[in-house]
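Visitor: need the 3D shape of this:
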Amino acid sequence: MTATTTGYAPHPYTGGRTVVLRALAAWRMERPGSPRVTVLTGSAGSGRSHLLTGFLMLCDPEFRGRLPLADLDPSTVPPELPAPAVPSAAGLTAAQLGGLIAGHYGLDATRVDEVYAALGALGRTETVVVPDVDRAGQVRAAGEPARVVREVLKPLAATANIRLLTDLPRDLAAELAGALPPGTAQVIDLDEPQWADPHGLVLQADALLSPESGAPELPLTADPSTRRALAEAIGRRAGTSPLTVQLAVQSILTSPGAAAPHDETLLPSSLGQALDLHARRLGADPRTLRHLLAPLALAEGDGLPVDLWTRLVNALAGKDMSGALANSGELAGPFVESLRRDGDGSARTLLRLLHPAIGDEIRAGLPNVRAAQTQIAMTLLEAVPGQDWSKADAYVRDHVAGHTLEAGLLPQLLTDPGLFVHADPVPLRAAVEAVPEEELGAAARTYLRTAPLLTRTQAPATLRAALLETAFVEDGLPEYADAIHGRLGLDLPWRTLWSVSVPGISAVAVGSLPRPEGPAVPVAVLGVPAGTLVHALAGPDDLGDVDPGQVLRLSEEERAAAPLGLSRGADYVRVWDRATEDVVAALVSDTPVAAADLSPDGILVVATERGAKALRIPGQPLGRARSV
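Guide: The predicted structure follows:
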């Protein structure tokens, strides 16, 4: 059904959707009888994200001034109110989204479940709009959108003083609404007749065909009546899908001759038909177009580098696709967009699908997604020069884990410390967290516990290597620590000499233990609840039973004369050169630092909740020391 819009201009961004905008305005105004929770849904490409963006324009006090509010249907325009909270879920985990909401309201909450209790205690109604749930997470196969619904949206919607608006895929919309008491939520399905807007689809097609909007000057675009007739035919065939309208127009305008089809059946009624009809319009096999788009449908992140896309096209097709690739511009053009990204010191071009729904369509047509991801993973691994991850393409380095996760091969990949060090820890962590812990090897479990520290500090590769080196020693994996030193060619700020897992250490001190014969042995004295432990400072030497009272502690004069100084905070320790004030090592801990001491020859002993460890500092400056 189409709302009566006589005398009113369509929303300049949505181009219509009057009935839905009325319902959303009623929700925003808290009109009696309006639901507290509203969920937009629809099939892929139904325009729910686009519609939500258009509505938020009406809710933003600053942006409202740019809209012709006086020309719009008054029932679609909410009164000027404070802007709602709009925490986008794009790229975030459920925990991160909960933290974002807590930060917006200044809540003192450290766990996701605490956020909702704190919101309920505010004593006032709050309006929250959560867009982009389908884009949550860093790795597609990790299933983060479902986790966001279960861990964030359900408890948020159950909080009585929260008015919630979100857009979700249909299955998740039903799950969210079904978890709430009757009458609490309204689900607006954009594919249902009461919410559909066929007139808006015609307006969309007409606008896209118009030279005023950038379409080329052609007989079918320049003449208003011809253009309108074609727009009406496109709208009729497209059903309820704005994306199908967009692809139909782009296909016509990019095809040789750019003429209106003589038969409406040559216009698409679905995304799949949009792909197949475009290929046939260009005299190509529809399977060829799908071969070209398959790597993009399975890609992670922002998109694929062009040269990598060509390799993956050949790999997935299982044959030489150079001919199709050479002429791929017109064939794939309506479905692909390119973007420039800076990385590794230079800009490069990435390719990605115009809309995620195109990827859904392509993946649904693959005979075996897992096998396709296996082929991609193998091709990416072959593209690593000499298996040196520091020389790998950024896409390969940062996203190979996402592909191997969906292929079911990730645990086998998580044995290479080079990958742990050089991959972006945000997507790698997301992929590793999606693997059941019992399937992870020891090195992967060490990475998993260290990853929050790597992501929180945004540590560069050298510091990531140093933190992982220490973690491997702490977890009894010295061979991985040795591999970091021996194979990766990085100049680390320390080497971890030993680690002891003794909880409750309250103090550490370095000193020396006199011997009846020979020089004194440098030692570390650790204060533990049961007494005092003495450990050889430079290694695992067995000192036997040692009376702590025999240890000679460093004097203040000896400390002051040492070339290196020490400073620490709640979760970090810095070692700096006294002469230059340059930092030579900066250790960040994932647990509070209980105590630290430094020997004159540069061995740092640090105690945390996990135990104690000793690090030899070689003395290479990292930069100017900061006050702590």
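
Visitor: got a list of what Leu325 touches?
Guide: Leu292, Thr310, Val313 (Cβ atoms under 8 Å, 6 or more residues apart in numbering). For the C-beta atoms, the positions are set from N, CA and C on the backbone; glycine is no exception.

Visitor: tell me how far the residue lying closest to Met29 once chain neighbours are set aside lies from Asp189.
Guide: The spatially closest residue to Met29, leaving aside those adjacent along the chain, is Pro78, at 5.4 Å (Cβ to Cβ, 6 or more residues apart in numbering). Distance, Pro78 to Asp189, using Cβ to Cβ, to the nearest Å: 22 Å.

Visitor: what's the answer for Val37, then?
Guide: For Val37 relative to Asp189 (Cβ to Cβ), the value is 15 Å.

Visitor: again, but for Gly329
Guide: 37 Å.

Visitor: quick one: which of these two has more around it?
Guide: With neighbours defined as other Cβ atoms under 10 Å, Gly329 and Asp189 compare such that Asp189 has more, 20 against 10.

Visitor: can you give me the strands for the stretch 201-350 of the chain?
Guide: For the stretch 201-350 of the chain, applying DSSP state E, counting those that start in this stretch gives strands covering 304-305, 336-343, 346-353.

Visitor: and the shortest one, what does it pack onto?
Guide: Using 3 or more Cβ pairs under 8 Å, 6 or more residues apart in numbering; DSSP states H and E as the contact criterion, the neighbours of strand 304-305 among helices and strands are strand 346-353.

Visitor: quick one: the strand it packs on to strand 336-343, angle?
Guide: Between the axes of strand 346-353 and strand 336-343, defined by axes from the mean of the first three to the mean of the last three Cα atoms, to 10 degrees, the angle is 150 degrees.

Visitor: who's in contact with the closest residue in space to Arg170 that isn't next to it in sequence?
Guide: Nearest residue to Arg170, sequence neighbours excluded (Cβ to Cβ, 6+ apart): Thr41, at 4.9 Å. Counting by Cβ under 8 Å, 6+ apart, Thr41 touches Arg48, Asp167, Leu168, Pro169, Arg170, Ala173, Val187, Ile188, Asp189, Leu190.

Visitor: among the residues you listed, which one sits closest to Glu479?
Guide: Closest approach between the contacts of Thr41 and Glu479, by Cβ to Cβ: Pro169, at 44.9 Å.

Visitor: let me see the mean pLDDT of the helix or strand where Thr455 lies.
Guide: Using DSSP states H and E, Thr455 maps to helix 442-457. Averaged across helix 442-457, pLDDT comes to 95.

Visitor: again, but for stretch 270-278
Guide: Rounded mean pLDDT across stretch 270-278 is 96.

Visitor: ok, the closest residue to Met57 other than its chain neighbours to Leu51 distance?
Guide: Nearest residue to Met57 in three dimensions, chain neighbours excluded: Phe63, at 5.0 Å (Cβ to Cβ, 6+ apart). As for Phe63, its distance to Leu51 is 16 Å (criterion: Cβ to Cβ).

Visitor: and for the nearest residue to Asp416 once chain neighbours are set aside, the neighbour number?
Guide: Leaving aside its sequence neighbours, Asp416 sits nearest to Trp389 (Cβ to Cβ, 6+ apart; 7.3 Å). Trp389 has 21 neighbours, counted by other Cβ under 10 Å.

Visitor: the more surrounded of Phe63 and Leu51?
Guide: Taking other Cβ under 10 Å, Phe63 and Leu51 do not tie; Leu51 has more neighbours (27 against 12).

Visitor: touching, Gly143 and Ala434? I think so.
Guide: Yes. In this structure Gly143 lies within contact range of Ala434 using Cβ atoms under 8 Å: 7.2 Å.
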